[in-house]
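K.L.:
Below are the sequence and a predicted model for it; my questions follow.
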Protein chains: 4
Amino acid sequence: MNKNRIEAFSDGVIAIIITIMVLELKVPHGDTLRALLPLFPIFLSYVLSFVYLGIYWNNHHHMIHTTSRVTGPILWANLHLLFWLSLVPFATGWMGENHFASAPTAIYGVVLLMAAIAYFILQHVIIKSQKPDSLLKKAIGNDWKGKASPLLYILAILLAFRWHWFSLGIYTLVALIWLVPDRRIERILLNKR
Amino acid sequence: MNKNRIEAFSDGVIAIIITIMVLELKVPHGDTLRALLPLFPIFLSYVLSFVYLGIYWNNHHHMIHTTSRVTGPILWANLHLLFWLSLVPFATGWMGENHFASAPTAIYGVVLLMAAIAYFILQHVIIKSQKPDSLLKKAIGNDWKGKASPLLYILAILLAFRWHWFSLGIYTLVALIWLVPDRRIERILLNKR
Amino acid sequence: MNKNRIEAFSDGVIAIIITIMVLELKVPHGDTLRALLPLFPIFLSYVLSFVYLGIYWNNHHHMIHTTSRVTGPILWANLHLLFWLSLVPFATGWMGENHFASAPTAIYGVVLLMAAIAYFILQHVIIKSQKPDSLLKKAIGNDWKGKASPLLYILAILLAFRWHWFSLGIYTLVALIWLVPDRRIERILLNKR
Amino acid sequence: MNKNRIEAFSDGVIAIIITIMVLELKVPHGDTLRALLPLFPIFLSYVLSFVYLGIYWNNHHHMIHTTSRVTGPILWANLHLLFWLSLVPFATGWMGENHFASAPTAIYGVVLLMAAIAYFILQHVIIKSQKPDSLLKKAIGNDWKGKASPLLYILAILLAFRWHWFSLGIYTLVALIWLVPDRRIERILLNKR
């Protein structure tokens, strides 16, 4: 029961975050197709963040699935993750409105980095709360994606001040890495049944 | 369980989208009934989009109902549909504020078209995930509504630049076609029991 | 199952409506207590609408509780109710910002009236969908509250253009009438068990 | 069933409140890191309120858990609590934008105080609705946190007009007091099983 409520709350917050981002897409003043042009970079950054939040929702879903009981530390590690995710619309809007300028692109990476760290902490807290034969621990295996992503984000943040398009390429790359469905957890869960 | 969470998340996102559209109805500056007049086209476009989102929620509800297990591709096809639906408030606001001018009316049709395509893809992915005797496949039958709608949207988009009121008529017509409750799925589900 | 989803969706929409109203409470420019003064009428109208939405949520909860299956007409009658409720923040904001001027106060009554009519329709559709010994029909009895409220709203709308404070008094009175918990449905439900 | 719906509704409202606060973090106009500087106090006040809302969600979760049936008074005491929580984003935004000036800092305390009182009332109403051997009553014990918090808020409100940084220190202190997980309820619930 506990578990259902943490799922419902997280779903609610992520659903709101993903939808609030649309509010950054302000209705343009003109009524021509040309008036839409300045919105294009904002639209692109919105698509990227939509995919990121979709990935987080998807993986969060699988991760909580392996949990049987929700402890205090899990609740707070989860809220910590939601905190950083809730900053994604801000970072997305700033980056989009400034056409992927250096500082906003770097800050976008910082928010992604902090979310990745928060996700890592949540994963760790859940594994610790489980028996020695943690289902989640088996499921994530060596977790190369979880380890590579923060490093790639740090690289992108550093590069943003010189080659900010390169940073954007890294963000897209990391999204694609995760977009490939993480069948590891699914497989182990199926074996278990 | 999986299924419940995809339902809950989609419900959350659609509920937020439908409500966020109200934010486009900005409180007018005057305090007379006359001050409400400029809001009338925005109000009309809001009503149309409310009906569209209601139809999507209703049909989405029936479609997911036929699913027993949620796979990765279903999750992402669903997020893809939610993405296009989340652009409805933007298109609605732009069309309403510009009194149904050509370009905004065409873009409104583009968003509806993309949502219809996303719905079609989701339907296809669910049918593929089911046994050969797919319940959903039987339920939708020849799916003439699903096939006619995109064609009508394309017609409306093309006409928008000459007779934009005609386009609006088409959008209203498609909404009415779908508003007639889709008893096909309900009937088959009842027979099944 | 159907029933759970209509409950979840309605809860979501009402929760969003009730919270979005806060956005009308714009952060004032000054940093003194005096800067809060102009917000006072907005705050008052917010409290009134919060109570109204709380009453609708509460009664909606009891009404859906008596339903066992959700039909197409129930779904749409429910969406129709949510549509009018979603206009409450707009009407509240307009009334509050204009210090309860005549036209906004009348429009506030119109929105309340339409929501009351939509509630009445939803109630009627549910009763029709139930067996002759409809649980909900028994529960609402002569429904004097449901019948008196629209009349009072109409009175308030008409009076708004002469004595708008009187209209506000009527809105408050109707809220108080409903605030008294509607034990009728609760009683019948208890007897049933 | 009743209980699930009050949980779902409260979760929805708190999820929306916590996310709406982000909207106060307006995208800055410049595209340099320096442009972020003025947002720093707003960010800090956002973190504080995020933690407060997290604490309320967490404790609310445990409190409702001890309830078996939801009565009318519980519903309204719960809505009363949500009302005051819904004012947190407003108070947070005002305090942050004015760099923790006296009046906004005092008003922030007033909102926290009212929420604490509303929480106390809800707790009391639930205990009254339970048998003499109320599970919740046992669980909260002497409730020193619940009694100390309002006193500390009052102190902070009074001090805000002279030493507003001191008030902020008190708000942080109270958050820390509650952040320590309230194991009392968890322990009793475990014993019960």
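P.N.:
Arrived safely. Residues are numbered from 1 along each chain as shown, chains lettered A, B, ... in the order given.

K.L.:
Show me what from chain A comes close to chain D.
P.N.:
A:1-2, A:5, A:8-9, A:12-13, A:16-17, A:20, A:23-24, A:72-73, A:75-76, A:79, A:82-83, A:86-87, A:89-90, A:93-94, A:97-98, A:101-104, A:106-107 (C-beta under 8 Å from any C-beta of the partner chain). (C-beta placed from N, C-alpha, C; glycine too.)

K.L.:
Just the buried ones from those residues?
P.N.:
A:2, A:5, A:8-9, A:12-13, A:16-17, A:20, A:24, A:72-73, A:75-76, A:79, A:82-83, A:86-87, A:89-90, A:93-94, A:97-98, A:101-104, A:106-107 (16 or more other C-beta atoms under 10 Å in any protein chain shown).

K.L.:
got the contact list for the closest residue to A:M95 other than its chain neighbours?
P.N.:
Leaving aside its chain neighbours, A:M95 sits nearest to A:P104 (4.1 Å; criterion: C-beta to C-beta, 6 or more residues apart in numbering or on different chains). Residues counted as contacts of A:P104 (C-beta atoms under 8 Å, 6 or more residues apart in numbering or on different chains) are A:A91, A:W94, A:M95, A:E97, A:N98, D:D31.

K.L.:
For A:P104, report the pLDDT, please.
P.N.:
In this prediction, A:P104 carries a pLDDT score of 93.

K.L.:
how near is it to chain C?
P.N.:
Applying C-beta to the nearest C-beta, to the nearest Å, the value for A:P104 to chain C is 24 Å.

K.L.:
now do A:G96
P.N.:
From A:G96 to chain C the distance is 22 Å (C-beta to the nearest C-beta).

K.L.:
Does A:L87 touch D:V22 like I think?
P.N.:
Yes: if you go by C-beta atoms under 8 Å, A:L87 and D:V22 touch, sitting 6.9 Å apart.

K.L.:
Beyond the longest helix anywhere in chain A, next helix or strand please.
P.N.:
Ranked by residue count under DSSP state H, the longest helix found in chain A is helix A:102-129. Next helix or strand after helix A:102-129 toward the C-terminus (DSSP states H and E): helix A:135-140.

K.L.:
That next one - what's its average pLDDT?
P.N.:
71.

K.L.:
is chain B contacted by that helix?
P.N.:
No: Helix A:135-140 does not reach chain B (C-beta under 8 Å from any C-beta); its nearest approach is 14.7 Å.

K.L.:
send the alpha carbons of that helix over as CSV?
P.N.:
C-alpha atoms of helix A:135-140 as CSV (Å, rounded to 0.1, in the frame of the first residue of the first chain):
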residue,chain,number,x,y,z
LEU,A,135,16.3,-8.0,-6.7
LEU,A,136,17.1,-4.5,-7.8
LYS,A,137,20.9,-5.1,-7.4
LYS,A,138,20.7,-8.2,-9.7
ALA,A,139,18.5,-6.3,-12.1
ILE,A,140,20.8,-3.4,-12.7
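
K.L.:
what's in contact with the helix or strand following that helix?
P.N.:
Downstream of helix A:135-140, the next assigned helix or strand under DSSP H and E is helix A:144-160. Contact with helix A:144-160 is made by A:102-103, A:105-106, A:109-110, A:112-113, A:116-117, A:119-120, A:123, A:140, A:166-168, A:170-171, A:173-174, A:177-178, A:182, as judged by C-beta under 8 Å, 6+ apart.

K.L.:
What subset of those is buried?
P.N.:
By 16+ other C-beta under 10 Å, the contacts of helix A:144-160 give A:102-103, A:105-106, A:109-110, A:112-113, A:116-117, A:119-120, A:123, A:140, A:167-168, A:170-171, A:174, A:178, A:182 as buried.
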